[in-house]
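Q: Model the structure of this input:
(2 chains)
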Amino acid sequence: SAVISQKPSRDICQRGTSLTIQCQVDSQVTMMFWYRQQPGQSLTLIATANQGSEATYESGFVIDKFPISRPNLTFSTLTVSNMSPEDSSIYLCSVTDSSGNTIYFGEGSWLTVV
Amino acid sequence: QKEVEQDPGPLSVPEGAIVSLNCTYSNSAFQYFMWYRQYSRKGPELLMYTYSSGNKEDGRFTAQVDKSSKYISLFIRDSQPSDSATYLCAMKRQGNTPLVFGKGTRLSVIA
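A: Numbering: from 1, shown residues only, chains lettered A, B, ... in the order given. A predicted model of the protein is given here:
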């Protein structure tokens, strides 16, 4: 299984600011996925990040709000831009194993926007 | 209709009970089925992973898949207070594709 580290683990942010979340994996992976989990809700996919290409965003999520970088096979960042209280969520990075069929998650980044 | 339906509970059982958690799905392209356990303020932890229809057992946990009915279950035998968590079913198509999650069922096991 992959070991995934996310930073920050939690933060309290001011409305209107932006925060970048980092995701580091202990092995090279092809695909990385970013999910959001709003309070009391399940996980919703934000975007899929493939190294060397633009991220693919799901319906309801746009690059201007959630820019993603994927500079190499072990690292990705997600920025939450111009934050509002509705962005208070857990943001989770995940990766697939070599078969592409099992997905592992980091511990998540808990953001509270005030 | 949502792609994956899961009763959110909450579900409260006495210690030692058998717990049954269920999900239904509508997309026949889903081939891989997983159960994640999520403790409060933690990321999801992969609990069980199945591919084919039938049962898969791991200790006190049994995952069951019925592709013909588009129905999956997770059974927990001899439930313990430490099993108290939210259980999320998730499924995906073949290859490097993302997971689609159920809403999660919150389970409390009372000592």
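Q: contacts and neighbour counts: CA atoms only from here.
A: OK.
Q: Please name the nearest non-neighbouring residue to residue 39.
A: I'll assume chain A. Closest residue in space to A:P39, ignoring its immediate chain neighbours: A:S89 at 6.2 Å, by Cα to Cα, 6 or more residues apart in numbering or on different chains.
Q: Chain B, not that one
A: Computed as Cα to Cα, 6+ apart, the closest residue to B:Y39 that is not its neighbour in sequence is B:A85, at 4.9 Å.
Q: who's in contact with the one you found?
A: Taking Cα atoms under 8 Å, 6 or more residues apart in numbering or on different chains, we find B:A85 in contact with B:37-40, B:106-108.
Q: pLDDT score for it?
A: If you check B:A85, the pLDDT there is 96.
Q: now it: how far from A:Y104?
A: Look at B:A85 and A:Y104: by Cα to Cα, to the nearest Å, they are 18 Å apart.
Q: Just the buried positions in stretch A:87-99, please.
A: Buried residues in stretch A:87-99, counting neighbours by 16 or more other Cα atoms under 10 Å in any protein chain shown, are found at A:87-98.
Q: Can you tell me the closest non-neighbouring residue to the residue of chain B found nearest chain A?
A: Proximity to chain A, evaluated over chain B using Cα to the nearest Cα, is greatest for B:G43 at 4.1 Å. Excluding its sequence neighbours, the residue lying closest to B:G43 (Cα to Cα, 6+ apart) is A:E107, at 4.1 Å.
Q: Could you check how far that neighbour is from B:I76?
A: According to Cα to Cα, A:E107 and B:I76 sit 24 Å apart.
Q: Downstream of the worst-scoring helix or strand of chain B on mean pLDDT, the next helix or strand is which one?
A: Here the helix or strand of chain B ranked lowest by mean pLDDT, DSSP states H and E is strand B:45-50, holding a mean of 91. Next helix or strand after strand B:45-50 toward the C-terminus (DSSP states H and E): strand B:54-58.
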